[in-house]
Each structure stands twice: as C-alpha cells, then as structure tokens.
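1. Structure, please.
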Amino acid sequence: MKKYILIVCLAFTLTSCKKDASFSKEEVSVVEMQSPEPQPVNNHDVSQNSEQKIIKNGKLRFETADFEKTADKIYTAVKKYKAQIQSDNEGKDYNSITRNIVIRVSNENFENILNDISSGISYFDQKEISSEDVTEQFIDLEARLKAKKELENRYLDLLKKANKISEILEIEKELVAIREEIESKQGQLNYLQNRVSMSTLEITFYKHTTETGVTVSYGSKMWNSIKGGVSWIPGFFLGLLYIWPLLLIASLVFYYLRKRKKNLKN
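-> Predicted coordinates for the structure are as follows:
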C-alpha cells in the first residue's frame, strides 16, 4: 500500500514540474494577447481635446541691389526673433552671385520674421509658404509608444517571476525587440516634435555682376590651366621612371619582332 502511495506522490510531483516548465511560453502568450492596441484616432476628438501640431515651411527667392545690406537685414531679424541659422552658403556663376540662408525659427515667430525679411521687396521670383497639420500623426505615435511601454512593463514583471535560464532568455529576447520598437517610435516622435516647434524658412537672394569681372575671371582660369599643364610635365617623366622595366621589356620585344620580320623577308 505504501508503494502505491509513493508512486502517486511521485507522479503528482512530475506533473507539477511540467506545469512550471511551461510557465514562460504560456505567460508570454497571455501577455502578447493582452497587449494594448492603440485605438484609431478620431479627427473630431483631436480638434476638441488636443493642441494642434502644425509644421510650417517657407521659401523665398528674389533679386537684390545691395547684397550685403540684404544679408544684414536677415541676420538682424534672426537676432530679433531668437532664430537659428541652419546654413549660409554663397556661390557665383558667369553673371551673378547668389546666397542661400536657411533659418529655423519658433512657430509663433514664423510670420513675424517672414514679414520683416519680406518688407521692401517689390517682386519675388519664388514665395512659397506651407503648413502641414500633423496632430493626428503625433497622437498616433504617442499612443503606440505608450502601448509599447506598458507591454515592456508586463514583460519585466514576468522576468521577476522567472526562475529558469530558458524562461529568462525567452523573456529577454522579447524585451530586446520591444525596446527597439520603443526607441524607433521615440525617435520618430522627437523628430516630429522638432519640426513642429521650429519652422524652416529658406531665403535665396542674388545680384547680377558686370561682364568685366567675368572676362578677368575667365582669363585667370586660362592662365591657371597653362600653369597646371607646365607643372604636369615633370610629373610625367617621373612616372616613366617608375615603369622603366616595362619600357625596356617592350623595347626588346619590339626589336626582336622587327628583326625576325626582316629575316623572314630576306
């Protein structure tokens, strides 16, 4: 009788161990099934309950009579509205000089700095002002990021309960994937927030130059080409010195073939 009782107890113990061994996969499945999904964003709710997220961009292109005065005017406006110069490039072609300045300015000061820079300009070759409402995209990213963080916390709770290497490895593998998604969503959200908080204004202005400067510039280019050709000659002969064995072999082969051809004729 004691033997039968012992066998029953042993069978019960083995069954309990098997149940414990399946802890990780079952718990992981439950967590995945119960992971929160972001609800679709309602446009009406967005307009009622959320601050609008607007990305503003502008492009200006115009001719100026005073190149330096225009640049000073732009830099004065940048300082006045605490904007930032993202880039400032100047170039020259055959009959004009061009300067391109890209400004980042806070959304609330976008119209102000635009008006200051545009004042006194009678004609624009290009004037484009655009705004993009990204409120829905912003809220959707926030919701997805929140859901991923909640899922991460659930896996962390599972990790505390795990007592086997296999369970720990499986949960940590899931955590790595979730954290990668969190970092990706956070990066997208930060980029969107940066574009919303700071508007971009690209300004291009140019001035026509006289033909005299072009002639002098072209003559200088010709002279530089001549000097470059002269300086190339010593380098050519130095290069020949590096390949003298090949030249010697080629000369011997040519001499042999020529002599053989001559003998065949005779």
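2. can you give me the strands in the stretch 1-150 of the chain?
-> 54-63, 84-92, 96-106, 126-133 (DSSP state E, counting those that start in this stretch).
3. now those in CSV, with distance to residue 175, mean pLDDT and mean neighbour count?
-> Where C-beta positions appear, they are placed from N, C-alpha and C, glycine not excepted. Output for these, formatted as CSV (distance: least, C-beta to C-beta, whole Å; pLDDT from 0 to 100; neighbours: other C-beta atoms under 10 Å):
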stretch, distance to residue 175, mean pLDDT, mean neighbour count
strand 54-63, 34, 92, 18
strand 84-92, 38, 92, 12
strand 96-106, 37, 93, 18
strand 126-133, 35, 90, 12
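4. Next, format those as a markdown table and append distance to residue 191.
-> A markdown table is the format used below for the strands of the stretch 1-150 of the chain (distance: least, C-beta to C-beta, whole Å):
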| stretch | distance to residue 191 |
| --- | --- |
| strand 54-63 | 11 |
| strand 84-92 | 15 |
| strand 96-106 | 14 |
| strand 126-133 | 14 |
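5. These: which one's closest to residue 200?
-> Residue 200 lies closest to strand 54-63 among these, at 5.1 Å (C-beta to C-beta).
6. And the closest one, what does it pack against?
-> helix 110-118, strand 126-133, helix 165-197, strand 198-208 (3 or more C-beta pairs under 8 Å, 6 or more residues apart in numbering; DSSP states H and E).
7. in its sheet, what does it sit against?
-> strand 126-133 (antiparallel), strand 198-208 (parallel) (DSSP bridges).
8. Tell me what angle it forms with helix 110-118.
-> 0 degrees (axes from the mean of the first three to the mean of the last three C-alpha atoms, to 10 degrees).
9. Residues in contact with strand 54-63: which ones?
-> 107, 110, 114, 117-118, 121, 123-135, 195-196, 199-208 (C-beta atoms under 8 Å, 6 or more residues apart in numbering).
10. Give me the below-cutoff pLDDT ranges for the chain.
-> 1-50, 211-242, 266 (pLDDT under 70).
11. Swap in 80 and give it another go.
-> 1-51, 94, 210-248, 254-256, 258-266 (pLDDT under 80).
12. before we move on, the earlier item: can you tell me which of the strands of the stretch 1-150 of the chain is nearest to residue 256?
-> Closest approach to residue 256 among these (C-beta to C-beta): strand 84-92, 58.7 Å.
13. Note down every partner strand of the closest one and its orientation.
-> Strand pairing for strand 84-92, using DSSP bridges, gives strand 96-106 (antiparallel).
14. can you give me the angle the partner strand makes with helix 165-197?
-> 120 degrees.
15. Run through who's touching strand 96-106.
-> So strand 96-106 is in contact with 67, 71, 74, 78, 81-92, 113, 197-209, going by C-beta under 8 Å, 6+ apart.
16. please redo it, this time with the cut-off set to 6 Å
-> 74, 81, 83-84, 86-91, 113, 198-209 (C-beta atoms under 6 Å, 6 or more residues apart in numbering).
17. that older thread, make a markdown table out of the strands paired with strand 54-63 and add distance to residue 57.
-> Output for those, formatted as a markdown table (distance: least, C-beta to C-beta, whole Å):
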| stretch | distance to residue 57 |
| --- | --- |
| strand 126-133 | 5 |
| strand 198-208 | 5 |
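18. Tell me which of those approaches residue 185 most closely.
-> strand 126-133 (20.0 Å).
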